[in-house]
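Student: Sequence and predicted structure, then a few things I'm wondering about:
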Amino acid sequence: MQAGIGLYRSGMGVTTGDVVAMLAEMAELEVLEEGSPNAFRVRAYQNAINGIEAAGVDVTTMSEEELTRIKGVGPSIAKKIREYVETGTVAKLEELRAKYPPAFVELTRIPGLGPKTAVKLREALGVENLEDLKAAIDAHAVRELPGFGATSEEKLARAIERLGLVGKDRRTPIAEALPLAERLVGHLGTVEGVERVQYCGSLRRFRETIGDIDIVVASSDPEPVMEAVVALPGVAEVIGTGETKTSIVTREGMQVDVRVVEADQYGAALLYFTGSKAHNIALRQLAIDQGRLLNEYGLFTADGGDVVASATEEEIYAALGLDFVAPTLREDTGEVEAAAAHTLPDLVERRHIRGDLHFHTDRSGDGRASPEEMLAAAARAGYRYVAVTEHGENLAVNGSSREEMLAHRDRLREAAAAHPNLTVLWGCELNVGPDGSLDYDEDFRRELEWNVASVHSHFDLAQAEQTERLLRAIADPTVDAIGHLTGRSIGRRPGIEIDVDAVLDAMVEHRVALEVNGALQRLDAAPDVIRKAVAKGVTLVISTDAHHPSELVRMEYGVRNAQRGWAARADVLNTKPTRSFLAWLRRRRR
DNA sequence: GCCGTTTTCGGCCCGACTGTTTTCAGTCG
């Protein structure tokens, strides 16, 4: 898991992100040592990572005794963390690395080849890497091993061929996975007998990258669904198909698993397939503590007795004594405890949003719709206020000069006349230069009614310079919000590295809002930053950054990303009624 | 390796599918 953008930096040496990576590597290598990803020792390392990430602390400055107070961290892991921080390495890790070199570990990335098989291949045939394995398969040596046969050898050969396309670790950016999943769900919804269909997994939790797409279908007649899945457009390969479950790989290389359940078990199946795994484990443990059993078919009295709840997720959470937990929170980072204590945040939802404060028209070089079209679309979306934020003059090609902006103001006023219930602010997306300088001059920026300042270039400056750059922009009296905080492009470009604490503290001090950008390739700020911002009392603003009416749907995505950061309705500026929003803006500008 | 009004040892989530060892191990989610 990604540790965040410049979060956890501490002085010169090891960061908390490095510690998390070290623990993740320990877990990966212990899988081979223990022979199972479910081994208790493996899970202990993973639990420690969860605990550290949930705590959101800098572990590099903590003593062993302080470290053991983190959930999931005991004396042994605390000692290893200290060893790592002080010496830059851990003896046990070096030992495991020597025993399981990268080329050997790589073998377990082959789908269908787990730790037991890898070790067995090494012991029996001396297989140390992919090349050795290919040779062993070509020589038909694998099929001679006990527990193997011709079929499993051929399956292994096919899996290796596919490796470039779908390794187990391959993750797809949500911007690619979500449209694909929605298409598939649409197809399956038309199959005879299908009552409900929903994508689950990390996609429903709205993680920024997706391993594979899990789809749950409610139907009492699974057969036509299974037939429909293998016949879906874009299927490159059928991995397996049974009575109620089929797995395929699409041409894009995405694995899709479809599972059919009876309608009265739909809620339990949704819960199970949405995960996260850690969330499910926490719920099942809770069920056990209550003398019950929770599985993908329902919540039962002890030993598979009577059904307590199964048809909806809401019923199951309620039966467990928990408040409903939104899919976006199900990461086992405190949500189960909060649901039990009835202290979950009053999460922001799409229906709470009353305005969009960052979008463009064709006044911007990259805009693709007229002011009239964009305002009409905003009015249709039910908004009461919007800020039209064209690029400032410093953004090459796409920016607008002072004169162009003034003419644009008149154009907006005319277009706004058609929408008497919509307050239209004449705004700007200011460009934050490498030194933190902004477009135009301060007097002109003051005339603009809403300014969101964003980084669009110089992504590779050092952390200190990037931080300084943003601090200067935040301190400027004309900046109302910071747009797409790090400028990241998920799966393509990492964001700028910044001192997140310093930046968020400055936003509180200067009453500048933090944008949650709903573009799927951005989803910036990231959830861990949002959660930190919420804790510090930073005001959030969820925006679409739309360049076309079709992109206004991004508001839903921005909301879900904000939910992942535990953002409540009250934390989000653009949930306020027009009058309160304008009052906030006046106070800010004073 | 962690944890505990079940506490210093003995537990640790649950089930489908596959192939092969016709009763189970391995892998996966």
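Tutor: Yep, it's here. What you see is a predicted model; the values in this text were computed from it and never measured.
Student: Name the residues of stretch A:286-301 that are buried.
Tutor: A:L286, A:A287, A:Q290, A:R292, A:L293, A:L294, A:N295, A:E296, A:Y297, A:G298, A:L299, A:F300 (16 or more other C-beta atoms under 10 Å). Glycine gets a C-beta too; all of them are placed from N, C-alpha and C.
Student: Tell me which strands the longest strand seen in chain A pairs with, and in which orientation.
Tutor: Longest strand in chain A, counting residues (DSSP state E): strand A:423-431. Strand A:423-431 pairs in its sheet with strand A:385-391 (parallel), strand A:450-454 (parallel), by DSSP bridges.
Student: Name the nearest of the buried residues of stretch A:286-301 relative to DNA strand B.
Tutor: Of all these, DNA strand B sits closest to A:N295, with 3.9 Å by C-beta to the nearest atom of the strand.
Student: Let me see the contact set for the closest one.
Tutor: A:A268, A:Y272, A:R284 (C-beta atoms under 8 Å, 6 or more residues apart in numbering).
Student: helix or strand right after the longest strand of chain A?
Tutor: Using DSSP states H and E, the helix or strand that follows strand A:423-431 in sequence is helix A:442-447.
Student: Need the contact partners of that next one.
Tutor: A:R402, A:C428, A:L430, A:L438, A:D439, A:N451, A:D476, A:P477, A:T478, A:R589.
Student: Separate out the buried members of those.
Tutor: Here, 16+ other C-beta under 10 Å leaves A:C428, A:L430, A:L438, A:D439, A:N451, A:D476, A:T478 buried among the contacts of helix A:442-447.
Student: close enough to count as contact, the second one and A:V455?
Tutor: No: taking contacts as C-beta atoms under 8 Å, A:L430 lies outside contact range of A:V455: 10.4 Å.
Student: Need phi/psi at the closest residue in space to A:V235 that isn't next to it in sequence.
Tutor: By the measure of C-beta to C-beta, 6 or more residues apart in numbering, the closest residue to A:V235 outside its immediate chain neighbours is A:I248, 4.9 Å from it. Dihedral pair for A:I248: phi -130, psi 160, per degrees, to the nearest 10.
Student: Return the distance of A:I248 relative to DNA strand B.
Tutor: To DNA strand B, A:I248 is 12 Å away according to C-beta to the nearest atom of the strand, to the nearest Å.
Student: Could you give the bridge partners of that residue?
Tutor: A:V238, A:V256.
Student: so A:L552 touches A:A379, yeah?
Tutor: No: using C-beta under 8 Å as the test, A:L552 is too far from A:A379 to be in contact (10.8 Å).
Student: Would you reformat the buried ones among the contacts of helix A:442-447 as a markdown table and include pLDDT?
Tutor: A markdown table is the format used below for those (pLDDT from 0 to 100):
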| residue | pLDDT |
| --- | --- |
| A:C428 | 96 |
| A:L430 | 96 |
| A:L438 | 95 |
| A:D439 | 94 |
| A:N451 | 97 |
| A:D476 | 96 |
| A:T478 | 96 |
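Student: Taking those together, which two end up most distant?
Tutor: Using C-beta to C-beta, the buried ones among the contacts of helix A:442-447 reach their maximum pairwise distance at A:C428 and A:D476, which is 12.6 Å.
Student: re earlier: winner for burial among the strands paired with strand A:423-431?
Tutor: strand A:385-391 (a mean of 27; mean count of other C-beta atoms under 10 Å).
Student: Now do that strand: distance to the chain's middle.
Tutor: 27 Å (C-alpha atoms, centre = their mean, to the nearest Å).
Student: and for it, what are the contacting residues?
Tutor: A:354-361, A:363-367, A:371, A:374-375, A:378, A:398-400, A:405, A:408, A:412, A:422-429, A:431, A:449-452, A:578, A:581-582.
Student: What residue spans form the domains of chain A?
Tutor: A:16-99, A:102-162, A:172-261, A:267-340, A:350-589 (automatic domain parsing).
Student: how far out from the middle of the chain is the last one?
Tutor: Averaged C-alpha coordinates place domain A:350-589 at 21 Å from its chain's average position (C-alpha atoms, centre = their mean).
Student: Same question for the fourth one.
Tutor: Centre-to-centre, domain A:267-340 and its host chain are 22 Å apart (C-alpha atoms, centre = their mean).
Student: Now do that domain: distance from first to last residue.
Tutor: 19 Å (C-alpha to C-alpha, to the nearest Å).
Student: what is the mean pLDDT for it?
Tutor: What domain A:267-340 shows for mean pLDDT is 91.
Student: And the strands in the stretch 451-590 of chain A, which stretches?
Tutor: A:481-482, A:513-517, A:540-543 (DSSP state E, counting those that start in this stretch).
Student: what does the longest one rub up against?
Tutor: Counting by C-beta under 8 Å, 6+ apart, the neighbours of strand A:513-517 from elsewhere in the structure are A:358, A:452, A:454, A:480-485, A:504, A:507, A:523-525, A:530, A:533, A:538-543, A:545, A:558, A:561-562, A:565, A:567, A:573.
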